[in-house]
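>>> Got a sequence here, can you build the structure:
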Amino acid sequence: MTIQMLLRSARVLGAALAALALSGCATVYLVDNQVQSFPRWADQAAKPGTPVAVPQAPQIFRFDRLPSQRDGRSGTGQDQLETLAALALAKVGWTRAADGTASPWLVQVDASTLRLPRAPWESPYDNFWGGYGGFGPGYGYAMPGRDYIVTGNGQVVWMPVFPRIETPYYKREVTLVIRHAASGKVVYETRAAHDGRWNSSNGLWSAMLDAALRDFPAPPEGVRQVNIEVPR
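The predicted model follows:
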(Lines give C-alpha, C1' and ligand atoms only; values in the text may rest on other atoms or scores of the structure.)
Protein backbone atom coordinates (compact mmCIF):
# COMPACT_ATOMS: atom_id res chain seq x y z
CA MET A 1 0.00 0.00 0.00
CA THR A 2 1.41 3.41 -0.92
CA ILE A 3 1.90 6.27 1.49
CA GLN A 4 -0.85 8.23 -0.27
CA MET A 5 -3.31 5.37 0.17
CA LEU A 6 -2.43 5.07 3.86
CA LEU A 7 -3.00 8.78 4.35
CA ARG A 8 -6.36 8.67 2.60
CA SER A 9 -7.53 5.63 4.58
CA ALA A 10 -6.44 7.17 7.88
CA ARG A 11 -8.33 10.39 7.20
CA VAL A 12 -11.52 8.55 6.30
CA LEU A 13 -11.25 6.26 9.34
CA GLY A 14 -10.52 9.15 11.71
CA ALA A 15 -13.45 11.20 10.44
CA ALA A 16 -15.79 8.25 10.77
CA LEU A 17 -14.68 7.51 14.34
CA ALA A 18 -15.03 11.14 15.37
CA ALA A 19 -18.53 11.37 13.91
CA LEU A 20 -19.54 8.13 15.60
CA ALA A 21 -18.23 9.29 18.96
CA LEU A 22 -20.19 12.53 18.79
CA SER A 23 -23.41 11.18 17.34
CA GLY A 24 -23.72 7.86 19.13
CA CYS A 25 -26.67 5.53 18.83
CA ALA A 26 -28.67 6.62 21.88
CA THR A 27 -31.62 8.98 21.79
CA VAL A 28 -30.35 10.95 24.81
CA TYR A 29 -27.03 12.33 25.99
CA LEU A 30 -25.81 12.85 29.52
CA VAL A 31 -25.00 16.24 31.01
CA ASP A 32 -23.02 15.55 34.18
CA ASN A 33 -22.79 18.56 36.47
CA GLN A 34 -20.80 19.47 39.53
CA VAL A 35 -23.20 21.50 41.67
CA GLN A 36 -22.65 23.56 44.80
CA SER A 37 -25.29 25.69 46.54
CA PHE A 38 -25.18 28.21 49.38
CA PRO A 39 -28.52 28.91 51.10
CA ARG A 40 -28.50 31.99 53.34
CA TRP A 41 -32.20 32.64 53.86
CA ALA A 42 -31.66 33.92 57.42
CA ASP A 43 -29.54 36.80 56.07
CA GLN A 44 -32.69 38.62 54.97
CA ALA A 45 -33.68 39.22 58.59
CA ALA A 46 -33.81 42.82 59.73
CA LYS A 47 -31.87 41.88 62.86
CA PRO A 48 -29.15 39.24 63.19
CA GLY A 49 -30.42 36.10 64.86
CA THR A 50 -34.06 36.66 63.91
CA PRO A 51 -35.44 33.33 62.65
CA VAL A 52 -36.63 33.40 59.04
CA ALA A 53 -38.50 30.54 57.42
CA VAL A 54 -37.21 29.13 54.15
CA PRO A 55 -39.61 30.45 51.49
CA GLN A 56 -41.88 27.77 50.11
CA ALA A 57 -43.44 27.75 46.65
CA PRO A 58 -45.18 29.53 45.12
CA GLN A 59 -43.04 32.66 44.96
CA ILE A 60 -42.64 35.45 42.42
CA PHE A 61 -39.40 37.09 41.34
CA ARG A 62 -37.94 39.38 38.74
CA PHE A 63 -34.57 39.26 37.04
CA ASP A 64 -31.80 41.68 37.90
CA ARG A 65 -28.90 42.35 35.53
CA LEU A 66 -25.38 43.64 35.78
CA PRO A 67 -24.49 46.55 33.46
CA SER A 68 -22.44 44.18 31.30
CA GLN A 69 -25.52 42.00 30.73
CA ARG A 70 -27.78 44.75 29.42
CA ASP A 71 -26.50 46.02 26.07
CA GLY A 72 -25.85 44.77 22.57
CA ARG A 73 -25.08 41.11 22.00
CA SER A 74 -24.73 40.56 25.73
CA GLY A 75 -28.30 41.75 26.21
CA THR A 76 -29.63 39.43 23.52
CA GLY A 77 -27.81 36.44 24.99
CA GLN A 78 -29.03 37.39 28.45
CA ASP A 79 -32.63 37.45 27.20
CA GLN A 80 -32.26 33.87 26.01
CA LEU A 81 -30.55 32.75 29.20
CA GLU A 82 -33.21 34.32 31.40
CA THR A 83 -35.95 32.65 29.36
CA LEU A 84 -34.37 29.27 30.10
CA ALA A 85 -33.80 30.21 33.75
CA ALA A 86 -37.45 31.22 34.13
CA LEU A 87 -38.49 27.77 32.89
CA ALA A 88 -36.13 26.09 35.36
CA LEU A 89 -37.38 28.25 38.24
CA ALA A 90 -40.99 27.52 37.31
CA LYS A 91 -40.26 23.83 37.95
CA VAL A 92 -39.54 24.67 41.60
CA GLY A 93 -42.58 26.92 41.94
CA TRP A 94 -41.01 30.33 41.32
CA THR A 95 -42.81 32.47 38.73
CA ARG A 96 -41.50 35.54 36.94
CA ALA A 97 -43.43 38.66 37.97
CA ALA A 98 -45.34 40.59 35.33
CA ASP A 99 -43.78 43.83 34.11
CA GLY A 100 -44.28 46.63 36.62
CA THR A 101 -45.18 44.23 39.42
CA ALA A 102 -43.22 44.30 42.66
CA SER A 103 -41.67 41.05 43.83
CA PRO A 104 -39.92 39.99 47.04
CA TRP A 105 -37.01 38.34 45.22
CA LEU A 106 -34.43 39.37 42.62
CA VAL A 107 -32.67 36.70 40.55
CA GLN A 108 -29.41 37.20 38.70
CA VAL A 109 -28.29 34.50 36.28
CA ASP A 110 -24.96 34.21 34.48
CA ALA A 111 -23.34 31.68 32.15
CA SER A 112 -19.83 31.24 30.80
CA THR A 113 -18.09 29.02 28.28
CA LEU A 114 -14.39 28.31 27.81
CA ARG A 115 -13.62 26.64 24.48
CA LEU A 116 -10.50 24.48 24.35
CA PRO A 117 -9.09 22.98 21.13
CA ARG A 118 -8.99 19.55 22.78
CA ALA A 119 -9.69 17.85 26.10
CA PRO A 120 -7.19 18.75 28.87
CA TRP A 121 -5.82 15.20 28.98
CA GLU A 122 -5.22 15.00 25.22
CA SER A 123 -1.79 15.81 23.84
CA PRO A 124 -1.50 17.75 20.56
CA TYR A 125 1.43 15.47 19.68
CA ASP A 126 -0.33 12.16 20.09
CA ASN A 127 -0.76 10.33 16.83
CA PHE A 128 -3.15 7.48 16.31
CA TRP A 129 -1.13 4.39 15.51
CA GLY A 130 2.55 3.71 16.00
CA GLY A 131 2.27 0.71 13.69
CA TYR A 132 4.50 -0.30 10.83
CA GLY A 133 4.11 -1.97 7.47
CA GLY A 134 7.50 -3.60 6.98
CA PHE A 135 11.08 -2.61 6.34
CA GLY A 136 11.65 -3.54 2.71
CA PRO A 137 11.47 -1.41 -0.41
CA GLY A 138 8.09 0.22 -0.84
CA TYR A 139 7.25 0.03 2.87
CA GLY A 140 7.32 2.65 5.57
CA TYR A 141 6.59 2.92 9.25
CA ALA A 142 5.23 5.65 11.52
CA MET A 143 7.04 6.77 14.62
CA PRO A 144 4.54 7.24 17.46
CA GLY A 145 3.99 10.91 18.30
CA ARG A 146 6.10 12.08 15.32
CA ASP A 147 5.05 14.05 12.25
CA TYR A 148 7.17 12.11 9.80
CA ILE A 149 7.56 8.67 8.30
CA VAL A 150 10.67 6.70 7.47
CA THR A 151 10.49 4.89 4.12
CA GLY A 152 12.03 1.55 3.33
CA ASN A 153 15.17 3.10 1.91
CA GLY A 154 15.71 5.21 5.04
CA GLN A 155 14.38 8.45 3.58
CA VAL A 156 12.66 10.70 6.13
CA VAL A 157 9.48 12.37 4.88
CA TRP A 158 8.28 15.24 7.07
CA MET A 159 4.51 15.09 7.04
CA PRO A 160 1.74 14.02 9.41
CA VAL A 161 1.18 10.36 8.70
CA PHE A 162 -2.30 10.22 10.20
CA PRO A 163 -3.28 13.81 10.96
CA ARG A 164 -5.05 14.20 14.27
CA ILE A 165 -8.73 15.09 13.97
CA GLU A 166 -9.42 17.22 17.02
CA THR A 167 -12.80 18.09 18.43
CA PRO A 168 -13.29 21.10 20.73
CA TYR A 169 -13.77 20.63 24.44
CA TYR A 170 -15.91 23.03 26.48
CA LYS A 171 -15.85 24.08 30.13
CA ARG A 172 -19.19 25.66 31.05
CA GLU A 173 -20.75 27.10 34.18
CA VAL A 174 -24.09 28.64 35.14
CA THR A 175 -24.70 30.65 38.32
CA LEU A 176 -27.93 31.83 39.92
CA VAL A 177 -27.97 34.38 42.72
CA ILE A 178 -31.17 35.25 44.59
CA ARG A 179 -31.45 38.47 46.57
CA HIS A 180 -34.04 39.67 49.04
CA ALA A 181 -35.48 42.66 47.16
CA ALA A 182 -36.17 44.80 50.23
CA SER A 183 -32.69 44.47 51.76
CA GLY A 184 -30.60 43.63 48.69
CA LYS A 185 -28.94 40.78 50.61
CA VAL A 186 -27.93 37.57 48.85
CA VAL A 187 -30.01 34.74 50.28
CA TYR A 188 -29.21 31.94 47.85
CA GLU A 189 -26.36 31.17 45.46
CA THR A 190 -25.95 28.08 43.34
CA ARG A 191 -23.76 27.05 40.44
CA ALA A 192 -23.44 24.10 38.09
CA ALA A 193 -20.30 23.28 36.08
CA HIS A 194 -20.09 20.88 33.15
CA ASP A 195 -17.15 19.88 30.96
CA GLY A 196 -17.57 18.04 27.69
CA ARG A 197 -17.77 18.07 23.93
CA TRP A 198 -21.46 18.81 23.46
CA ASN A 199 -22.24 21.85 21.36
CA SER A 200 -24.12 24.74 22.92
CA SER A 201 -27.89 24.25 22.83
CA ASN A 202 -30.97 25.23 24.80
CA GLY A 203 -31.24 21.64 25.99
CA LEU A 204 -27.74 21.64 27.42
CA TRP A 205 -28.14 24.98 29.22
CA SER A 206 -31.57 23.99 30.53
CA ALA A 207 -30.06 20.80 31.95
CA MET A 208 -27.36 22.81 33.71
CA LEU A 209 -29.94 25.24 35.16
CA ASP A 210 -32.09 22.34 36.34
CA ALA A 211 -29.03 20.82 37.98
CA ALA A 212 -28.16 24.10 39.71
CA LEU A 213 -31.68 24.20 41.19
CA ARG A 214 -31.73 20.58 42.31
CA ASP A 215 -32.83 20.32 45.98
CA PHE A 216 -33.88 24.00 46.02
CA PRO A 217 -34.49 25.78 48.40
CA ALA A 218 -32.74 23.60 51.03
CA PRO A 219 -29.83 21.80 49.32
CA PRO A 220 -27.20 19.65 51.04
CA GLU A 221 -23.79 21.12 51.83
CA GLY A 222 -20.76 20.61 49.64
CA VAL A 223 -20.21 19.72 46.01
CA ARG A 224 -22.50 17.08 44.55
CA GLN A 225 -22.88 15.52 41.14
CA VAL A 226 -26.18 15.92 39.33
CA ASN A 227 -26.60 14.00 36.06
CA ILE A 228 -29.37 14.92 33.66
CA GLU A 229 -30.24 13.17 30.41
CA VAL A 230 -31.15 15.41 27.49
CA PRO A 231 -33.06 14.20 24.40
CA ARG A 232 -31.10 14.50 21.18
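>>> For the closest residue in space to Arg65 that isn't next to it in sequence, pull up the helix or strand it's in.
Nearest-residue entry for Arg65: Gln78, 6.3 Å, with adjacent residues in sequence omitted and distances by CB to CB, 6 or more residues apart in numbering. All C-beta atoms are positioned from the backbone trio N, CA, C, and that covers glycine. Element membership for Gln78 (DSSP states H and E) is helix 72-90.
>>> Surely the residue nearest to Arg65 and Arg70 touch.
Yes: proximity of Gln78 to Arg70 meets the contact threshold set by CB atoms under 8 Å, at 7.4 Å.
>>> more neighbours, those two?
For Gln78 versus Arg70, neighbours defined as other CB atoms under 10 Å are more numerous around Gln78 (21 against 10).
>>> got the contact list for the more buried one?
Shown in contact with Gln78 (CB atoms under 8 Å, 6 or more residues apart in numbering): Arg65, Gln69, Arg70.
>>> And for Leu30?
Counted by CB under 8 Å, 6+ apart, Leu30 has contacts Asn227, Ile228, Glu229, Val230.
>>> if we go to 10 Å?
For Leu30, the contact set (CB atoms under 10 Å, 6 or more residues apart in numbering) comprises His194, Gly196, Trp198, Ala207, Asn227, Ile228, Glu229, Val230.
>>> List the buried residues of the helix or strand harbouring Val187.
According to DSSP H and E, Val187 maps onto strand 186-196. For strand 186-196, the neighbour count (16 or more other CB atoms under 10 Å) marks Val186, Val187, Tyr188, Glu189, Thr190, Arg191, Ala192, Ala193, His194, Asp195 as buried.
>>> Let me have these in a markdown table, extended by distance to Asn33.
What follows is the buried residues of strand 186-196, written out as a markdown table (distance: CB to CB, whole Å):
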| residue | distance to Asn33 |
| --- | --- |
| Val186 | 21 |
| Val187 | 22 |
| Tyr188 | 17 |
| Glu189 | 16 |
| Thr190 | 11 |
| Arg191 | 9 |
| Ala192 | 4 |
| Ala193 | 7 |
| His194 | 5 |
| Asp195 | 10 |
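>>> what's the farthest-apart pair in those residues?
Val187 and Asp195 (29.0 Å; CB to CB).
>>> isn't Ser183 right next to Asp43, touching?
Yes: contact criterion CB atoms under 10 Å: Ser183 and Asp43 qualify, at 8.2 Å.
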